[in-house]
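J.: predicted coordinates and the sequence they were generated for:
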Amino acid sequence: MSRRIREAITHRLNPLHVYCRLCGLGLSSALARSLCRGYERAIYRPLAG
């Protein structure tokens, strides 16, 4: 996988990026933060290593 593609995927999967997208979709800050905490613990950290 090229470096540019890997960096793009890493950026899109970053919990802060996900949080911003959820807020942009109209979720409250508290709900988006709660969802991202779970996402980070269950998905992002294990995949990121």
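T.: Perfect, thanks for sending it.

J.: what's the burial count for the nearest residue to Leu47 once chain neighbours are set aside?
T.: If the residues on either side of it in the chain are set aside, Leu47 comes closest to Leu13, at 7.4 Å by Cβ to Cβ, 6 or more residues apart in numbering. All C-beta spots, glycine's among them, are computed from the backbone N, C-alpha and C. The number of residues packed near Leu13 is 15, by other Cβ atoms under 10 Å.

J.: and the strands in this protein, which stretches?
T.: Using DSSP state E, no strands are found in the chain.

J.: centroid residue for it?
T.: Pro15 (2.7 Å; Cα atoms, centre = their mean).

J.: my read: that residue touches Tyr44, true?
T.: Yes: at 5.6 Å, Pro15 and Tyr44 qualify as touching, with contact defined as Cβ atoms under 8 Å.

J.: related to what we said a few turns ago, what's the pLDDT at the residue nearest to the centre of the chain?
T.: Per-residue confidence (pLDDT) for Pro15: 96.

J.: next: the one 4 residues further on.
T.: Tyr19 is assigned a predicted lDDT (pLDDT) of 97.

J.: neighbours of the nearest residue to it once chain neighbours are set aside, how many?
T.: Distances taken as Cβ to Cβ, 6+ apart place Cys36 nearest to Tyr19, at 4.5 Å, with adjacent residues excluded. Close neighbours of Cys36, defined as other Cβ under 10 Å, add up to 21.

J.: tell me the contacts of Cys36?
T.: Pro15, Leu16, Val18, Tyr19, Leu22 (Cβ atoms under 8 Å, 6 or more residues apart in numbering).

J.: give me the distance between the last one and Ser2.
T.: Looking back up the chat, that one is Leu22. 28 Å (Cβ to Cβ, to the nearest Å).

J.: these two: which has the busier surroundings?
T.: The neighbour count for Leu22 versus Ser2, taken as other Cβ under 10 Å, is higher for Leu22 (18 against 7).

J.: give me the number of residues near the residue nearest to Cys23 when sequence neighbours are not counted?
T.: Spatial nearest neighbour of Cys23, excluding adjacent residues (Cβ to Cβ, 6+ apart): Ala32 at 5.1 Å. Around Ala32 there are 19 other residues, counting by other Cβ under 10 Å.
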